[in-house]
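Chemist: kindly return the folded structure for what I paste below:
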Amino acid sequence: MEHVVVIGTGQGAYQLAASLRQQGYQGQITLVGDEAALPYQRPPLSKDYLSHGDTDRLALRRASFYDDQNITVRPSTRISAIDRTAMTIETESGEHISYDHLVLATGSRNRRPPIAGLDGPNVLALRTLADAADLRKRLEQMLRVTVIGGGFIGLEFSAVAAKRGIAVTVVEGAPRLMARAVSPATSAQFLTAHQSWGATVILGQFASRIEGADVTLADGTTIAGDTVIAAAGVVANDELAQDAGLATEDGVIVDAHLSTSDPHISALGDCCRFPEPMSGTLARLESVQAATDHARTIAARLLGQPAPYTAVPWFWSNQADLKLQIAGFAPTIDDWHTIAGPDGKLAVFGYVADALAVVETINQAGLHMAARKLLTNRGRITRIEVEAAGYDVKVLAARANSVKTESVLTGLWDPSPQSL
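Modeler: A predicted model of the protein is given here:
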């Protein structure tokens with residue numbers, strides 16, 4: 001294999017290139033992306049960057065790294081087509097770049113709900129570094145902002161704005177905040193927190209029209225403001241794959257090795273839908289962790305060491321003084337068990353068919369890390385076992401690790417719940 005080409009210059013694309021070089025790949029590597037910047041961290045855009053504004057702190061590596069590692073980065077270059085027969089990609093300027101293996105790391109983009117006036121000059125997105133830089137400049141003059149969307153990005157921005165004394169209204173069409181991602185108990189705690197920080201939160205209402213920066217809801221209520229932040233979720237950038245005839249379904253379909261329906265093309269991160277090992281479902285996860293782990297899986301396969309993707313998903317969101325961390329994944333949860341602690345601490349255990357699938361924590365980093373270790377070492381663990389341990393995940397994780405270590409040494413490791 002002589003030339004690996006990656007469409008995309010995000011964190012997953014960077015990780016793939018770095019992993020290939022770390023594992024001895026000597027061929028050509030080219031990263032092609034439509035953003036002007038070198039690969040950077042996206043999660044801080046809605047949090048720390050709005051405060052410090054230092055783009056250097058976002059960079060994954062300095063420009064010299066790519067020179068030293070002989071990695072070509074082509075910023076500000078949009079790809080218009082993939083020719084699978086010729087094994088080339090075409091830029092909008094008409095240039096053709098050949099590949100021996102192509103990796104789609106095209107990410108996702110903001111969802112555009114059917115709201116009249118969404119293209120107005122006072123309606124801002126928060127997805128790219130350019131978006132965040134523009135938004136940061138406007139923060140100085142912002143007095144009243146309406147955030148459309150009560151997910152991670154919208155709420156992270158809301159927390160930053162409220163801290164600066166800006167009047168914030170959050171409009172969420174679902175009956176609770178972050179409804180797709182977290183338990184009712186976690187939603188409720190963040191609702192109380194945002195209200196205590198001064199935000200007005202409107203649930204169960206969709207925006208229907210924007211005039212200037214005034215937002216009219218479906219029930220006719222109008223919210224006056226000077227800025228609107230559109231943060232109503234994202235959709236996969238899978239159009240190139242569709243046009244090239246690859247299998248897609250709200251994302252590029254890949255197998256457990258992150259290979260598409262074309263053996264010469266892989267996909268990773270937000271743009272792909274993959275067999276998620278914990279839930280056994282075909283999932284698309286908007287997560288830096290997933291993108292980087294996908295990249296490592298693809299790099300190993302390209303270097304002749306194929307292994308299926310088995311990482312336990314984890315997610316986080318920092319909103320003011322609340323740090324939400326989630327270990328595990330399930331499309332639906334059968335039952336939740338909540339343990340509220342002092343100082344706003346929270347632990348929520350989510351079960352599917354009486355097996356532990358998800359652990360959510362607020363301001364409990366140690367418990368979160370233990371949950372990740374437990375789910376990694378054991379897979380699913382039964383509710384009975386969790387209850388018998390008094391919900392002490394750290395004890396369960398230590399025990400599971402001890403059992404795994406002993407069993408690996410004896411050749412008897414069995415990752416089933418009965419191994420404890």
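
Chemist: OK, contacts around Ile153?
Modeler: Ser46, Leu126, Ala231 (CB atoms under 8 Å, 6 or more residues apart in numbering). C-beta here means a position set from N, CA and C on the backbone, and glycine is covered the same way.

Chemist: so Pro308 touches His257, yeah?
Modeler: Yes - between Pro308 and His257 there is a contact under CB atoms under 8 Å: 6.0 Å.

Chemist: give me the common contacts of the two.
Modeler: Jointly contacting Pro308 and His257 under the rule CB under 8 Å, 6+ apart are Thr297.

Chemist: so between these two, which is more surrounded?
Modeler: The neighbour comparison of Pro308 against His257 (other CB atoms under 10 Å) goes to His257, with 17 against 13.

Chemist: just checking, that one touches Ala299?
Modeler: No - judged on CB under 8 Å, His257 makes no contact with Ala299 at a distance of 11.4 Å.

Chemist: distance check, the residue nearest the centre of the chain against Arg61.
Modeler: Centroid-nearest residue in the chain, with CA atoms, centre = their mean: Ser287, separated by 2.2 Å. With distances taken as CB to CB, to the nearest Å, Ser287 is found 21 Å from Arg61.

Chemist: ditto for Val6
Modeler: 15 Å.

Chemist: who has more neighbours out of these two?
Modeler: Val6 (31 against 17).

Chemist: give me the packing partners of the helix or strand hosting that one, helices and strands only.
Modeler: In this structure, Val6 sits in strand 3-7 according to DSSP states H and E. Applying 3 or more CB pairs under 8 Å, 6 or more residues apart in numbering; DSSP states H and E, we find strand 3-7 packed against helix 11-22, strand 28-32, strand 96-98, strand 101-104.

Chemist: out of these, which gets nearest to Ala371?
Modeler: The closest of those to Ala371 is helix 11-22. By CB to CB, the value is 23.3 Å.

Chemist: doesn't Gly366 lie inside a helix?
Modeler: Yes - per DSSP: H, G, I helix; E, B strand; the rest coil, Gly366 lies within a helix segment.

Chemist: so how many other residues sit close to it?
Modeler: 10.

Chemist: now it: how far from Ala59?
Modeler: Using CB to CB, we find Gly366 at a distance of 30 Å from Ala59.

Chemist: can you pull the buried residues of stretch 318-333?
Modeler: The neighbour-count check on stretch 318-333 (16 or more other CB atoms under 10 Å) flags Asn318, Gln319, Ala320, Leu322, Leu324, Gln325, Ile326, Ala327, Gly328, Phe329, Ala330, Ile333 as buried.

Chemist: tell me how many other residues surround the spatially closest residue to the first one that is not a sequence neighbour.
Modeler: If I follow you right, that is Asn318. Spatial nearest neighbour of Asn318, chain neighbours left out: Lys47 (5.3 Å); criterion: CB to CB, 6 or more residues apart in numbering. Using other CB under 10 Å, Lys47 has 19 neighbouring residues.
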